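Chemist: 3D model of this:
(one chain, ligands or ions: 1)
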Amino acid sequence: MNAPAVITASRRDDFPGLAGGWHYLDTAATAQKPQAVIDAMTRAMGADYATVHRGVYARSANMTIAFEAARGRVAAFMGAADAKEVVFVRGATEGINLVASSWGGANIKAGDRIMLSQLEHHSNIVPWQMLAERVGAHIDVCPLNHDGRIDLDWLEVNLTAAHKLVALAHVSNVLGSVLGAKRAAKAAHNVGAKLLLDGCQAAPRMRIDMAELGCDFYVWSGHKLYGPPASVFCGHAVIFWTPCPLIRAAAR
Ligand SMILES: Cc1ncc(COP(=O)(O)O)c(C=O)c1O
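Modeler: Purely as a prediction, here's the structure:
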């Protein structure tokens, strides 16, 4: 496990948002922040604050070093081969939109197909609908099997060479069902498609390893993992990033 799914009594005191015996049941939407993260954010926004990657004075250089160190820690956390593959954005919705508008815009053409599933979050539907409408592509929807998991038997039979992208939730935010990610990656790659995994509900609750999963894009949300920002794993080493001092806070 990367992070506890349930905050134990000994950890409760670390979270000011749980003071007074408050029971918070919305961690899947966004996590309460421990005091260490709040303190680090305060330092990053206060005493340590300076421009990232754009100044030559000492505090700016230190901020840049800390910012890149955070990228390295995120890369290690998710088993990315190279920290340059990690892209910081403001949330998973923005991450998926970034993949759809950059990689998708360049690689998905009229007549191509995109495979989603019945249990996707809106964030992993709407960016693909917008792209499909813009370029004239088609969307297919993989059904679920009897126990609420994405039906990989159906997926394997119905993927074709016209599919350029398969975009699936690693763990469902509605059912909690876990995808057979390695099998999904194999099925996608067998027809020449890329696999994007929406890891929003997986990254805070289970070990994630990009090499092991074999996906091409992995998107998750820092604010669901006790921090303020989010990151995107991009298997193509494309570097996009938004200078954001809060990243430093999240990594402390
Ligand atoms: C499975 C899943 N995907 C995407 C999102 C959107 O994440 P964000 O708020 O970082 O845009 C959520 C948020 O609840 C989610 O649970």
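
Chemist: Residue 182 - nearest residue in space that isn't next to it in sequence?
Modeler: Excluding the flanking residues, the one nearest residue 182 by Cβ to Cβ, 6 or more residues apart in numbering is residue 214, at 5.9 Å. Heads up, the C-betas are built off the backbone N, CA and C, glycines and all.

Chemist: Kindly report the same for residue 53.
Modeler: If the residues on either side of it in the chain are set aside, residue 53 comes closest to residue 64, at 5.3 Å by Cβ to Cβ, 6+ apart.

Chemist: That neighbour reaches residue 57, doesn't it?
Modeler: No. Checked against Cβ atoms under 8 Å, the pair residue 64 and residue 57 is beyond contact range at 10.8 Å.

Chemist: With neighbour numbers in mind, choose between these two.
Modeler: Comparing residue 64 with residue 57 by other Cβ atoms under 10 Å, the one with more neighbours is residue 64, at 19 against 10.

Chemist: what about the helix or strand that one falls within, average pLDDT?
Modeler: Element membership of residue 64 [criterion: DSSP states H and E] is helix 58-78. The predicted model assigns helix 58-78 a mean pLDDT of 93.

Chemist: Then residue 141 would be within a strand, right?
Modeler: Yes. Secondary structure of residue 141 (DSSP: H, G, I helix; E, B strand; the rest coil): part of a strand.

Chemist: beta partners for it?
Modeler: Assessed by DSSP bridges, residue 141 has beta-bridge partners residue 116.

Chemist: Based on its surroundings, how many neighbours for it?
Modeler: Residues contacting residue 141 under the criterion other Cβ under 10 Å number 12.

Chemist: Contact residues of the protein facing the ligand?
Modeler: When proximity is defined by Cβ under 6 Å from any ligand atom, the chain lies next to the ligand at 29, 91-93, 121, 123-124, 169, 173, 198, 200-201, 221, 230.

Chemist: which among these end up buried?
Modeler: Taking 16 or more other Cβ atoms under 10 Å as the criterion, what is buried in those is 91-93, 121, 123-124, 169, 173, 198, 200-201, 221, 230.

Chemist: Give me the distance between the residue of the chain positioned farthest from its centre and residue 63.
Modeler: Most distant residue from the mean C-alpha position of the chain: residue 57, 33.1 Å away (Cα atoms, centre = their mean). Separation of residue 57 from residue 63 (Cβ to Cβ, to the nearest Å): 10 Å.

Chemist: Find residues that contact each of the two.
Modeler: Listed as contacting both residue 57 and residue 63 by Cβ atoms under 8 Å, 6 or more residues apart in numbering are residue 50.

Chemist: about what we covered before: my guess is the residue nearest to residue 182 contacts residue 183. True?
Modeler: No. Using Cβ under 8 Å, residue 214 is not in contact with residue 183; the gap is 9.8 Å.

Chemist: For burial, what's the neighbour tally of the nearest residue to residue 193 once chain neighbours are set aside?
Modeler: With sequence-adjacent residues excluded and distances taken as Cβ to Cβ, 6+ apart, residue 193 is closest to residue 163, at 4.5 Å. Residues contacting residue 163 under the criterion other Cβ under 10 Å number 23.
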